[in-house]
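1. Sequence first, then the predicted structure:
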Amino acid sequence: MSSASEGRFPSSSVPLLTRPPRFATLLTDDGVPVEAVYEPCTAGAGTPGSEAFEGPAATPAIVVAHGFTGSADRPAVRRAARVFARRAAVVTFSFRGHGRSGGRSTVGDREVLDLAAAVAWARELGHSRVVTVGFSMGGSVVLRHGALYTAGPAKTLTGHTAVRVPARAGRTGSAGAHSDAVVSVSAPARWYYRGTAPMRRLHWVVTRPSGRLVGRYGLRTRIATADWDPVPLSPVAAVPLIAPAPLLLVHGDRDPYFPLDHPRMLAEAAGPGGAELWLERGMGHAENAAGDALLARIADWATAAPRA
């Protein structure tokens, strides 16, 4: 892991009371460099009981997984980070093929390794409790990550790799890469969905050479050309494997990408009591549509969710 230069984001209004953001390049288990940003919790800055006084072990961390074509420095991600930082420390990062990260996007497949590196970094920085919050593509990634990385007994998944990790570990990689709670916002329930016009356009961007050129130069997203092999565990198949970690599903009733059958299918797959479902009236899609009030509620849930 190597640190990057600071000063890429606007300075805080309380620079003398809180630690500044920390920038780093994380190396995933398959060797892809991923840009990441760590921001301490701003709640009670400079007062007894705050992170600055008690250290990060007493403060939960939220790791934010952005949507397709997003990045750590996109305005909607920065806004979510600011709201979350009022209640927890925050790690934002750019998935492979996005922002300043290396590699190419696999649209939710190997991105689980990027998230694992970010979660492990949060634990390396001293946080004993880490919650993942993902939006859209990131929402599907946090579900698969929650199924595949566990602090308990290893899970056997036909055709997929399950990773057993120790509950506390101090290095970036698979060790310590599990999440203690999972929040998935605006996620699909199944792969290859083309039932809406936005998803048909997205499939064109991902699967056609001309679409990938638009993705690279118009959307600042570098997309891999190879098909999935094997097809990754689907979100609806991942959901039952997340327990005993708490799971929150959030979806807008005006989502133009994925209609309400997607979150309902995910909630049903979790079984009785396996997930909490919030259907948000008037909300569109992912981080761009999530208002500050909703983000604050998500952060409250994330920091109050019981430990698995």
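-> Sure thing, it's come through.
2. Which stretches in this structure count as strands?
-> Taking DSSP state E, the strands of the chain run over residues 2-3, 22-27, 33-39, 61-65, 89-93, 130-135, 149-150, 163-164, 181-185, 247-252, 276-280.
3. residues in contact with Leu113?
-> By C-beta atoms under 8 Å, 6 or more residues apart in numbering, Leu113 lies in contact with Thr28, Asp29, Asp30, Val32. To be clear about C-beta, it is placed using only N, CA and C from the backbone, and glycine gets the same treatment.
4. Pull out the buried members of those residues.
-> The neighbour-count criterion (16 or more other C-beta atoms under 10 Å) marks Thr28, Asp29, Val32 among these as buried.
5. Tell me which residues touch the first one, please.
-> I take that to be Thr28. Val34, Arg96, Leu113, Asp114, Ala116, Ala117.
6. any idea how far the fifth one is from Met283?
-> Spatial separation of Ala116 from Met283 under the definition C-beta to C-beta, to the nearest Å is 29 Å.
7. Neighbour count: those two, which is higher?
-> Using other C-beta atoms under 10 Å, the more surrounded residue of Ala116 and Met283 is Ala116, with 29 against 20.
8. what's the nearest residue to that one if we skip its chain neighbours?
-> Nearest non-adjacent residue to Ala116, counting by C-beta to C-beta, 6 or more residues apart in numbering: Ala177, 3.8 Å away.
9. And that neighbour, what's its pLDDT?
-> Ala177 is assigned 94 on the pLDDT scale.
10. isn't Gly282 right next to Asp255, touching?
-> No: counting by C-beta atoms under 8 Å, Gly282 stays clear of Asp255, with 10.8 Å between them.
11. out of those two, which sits in the more crowded spot?
-> Asp255 (21 against 9).
12. if you skip the residues just before and after it, what's nearest to the more buried one?
-> His285 (4.9 Å).
13. Give me the distance between the one you found and Leu294.
-> Taking C-beta to C-beta, one finds His285 at 13 Å from Leu294.
14. same thing with Gly215?
-> Gly215 is 28 Å from Leu294, by C-beta to C-beta.
15. for Arg220, same thing?
-> Applying C-beta to C-beta to Arg220 and Leu294 gives a distance of 26 Å.
16. ok, now Ala302?
-> Shown here: Ala302 relative to Leu294, a distance of 12 Å by C-beta to C-beta.
17. Neighbour count for those two, which is higher?
-> Here Ala302 and Leu294 are compared on neighbour count by other C-beta under 10 Å; more neighbours surround Ala302, at 25 against 18.
18. which ones are touching that one?
-> So Ala302 contacts Pro60, Ile62, Phe84, Arg87, Ala88, Val131, Val133, Ala181, Val183, Leu248 (C-beta under 8 Å, 6+ apart).
19. rerun at 6 Å
-> Ile62, Val131, Val183 (C-beta atoms under 6 Å, 6 or more residues apart in numbering).
20. can those residues go into JSON lines with extra columns for distance to Ile298?
-> Output for the contacts of Ala302, formatted as JSON lines (distance: C-beta to C-beta, whole Å):
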{"residue": "Ile62", "distance to Ile298": "9"}
{"residue": "Val131", "distance to Ile298": "9"}
{"residue": "Val183", "distance to Ile298": "6"}
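21. just the buried members of those residues?
-> Ile62, Val131, Val183.
22. bridging residues for the second one?
-> Going by DSSP bridges, Val131 is paired in beta bridges with Ile62, Ala181.
23. from the contacts of Leu113, which two are the most distant?
-> Pairwise distances across the contacts of Leu113 peak at 8.9 Å for Asp29 and Val32 (criterion: C-beta to C-beta).
24. Could you save the buried ones among the contacts of Ala302 as CSV and add columns showing pLDDT and distance to Val77?
-> Formatted as CSV, the buried ones among the contacts of Ala302 follow (pLDDT from 0 to 100; distance: C-beta to C-beta, whole Å):
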residue, pLDDT, distance to Val77
Ile62, 98, 12
Val131, 98, 16
Val183, 98, 15
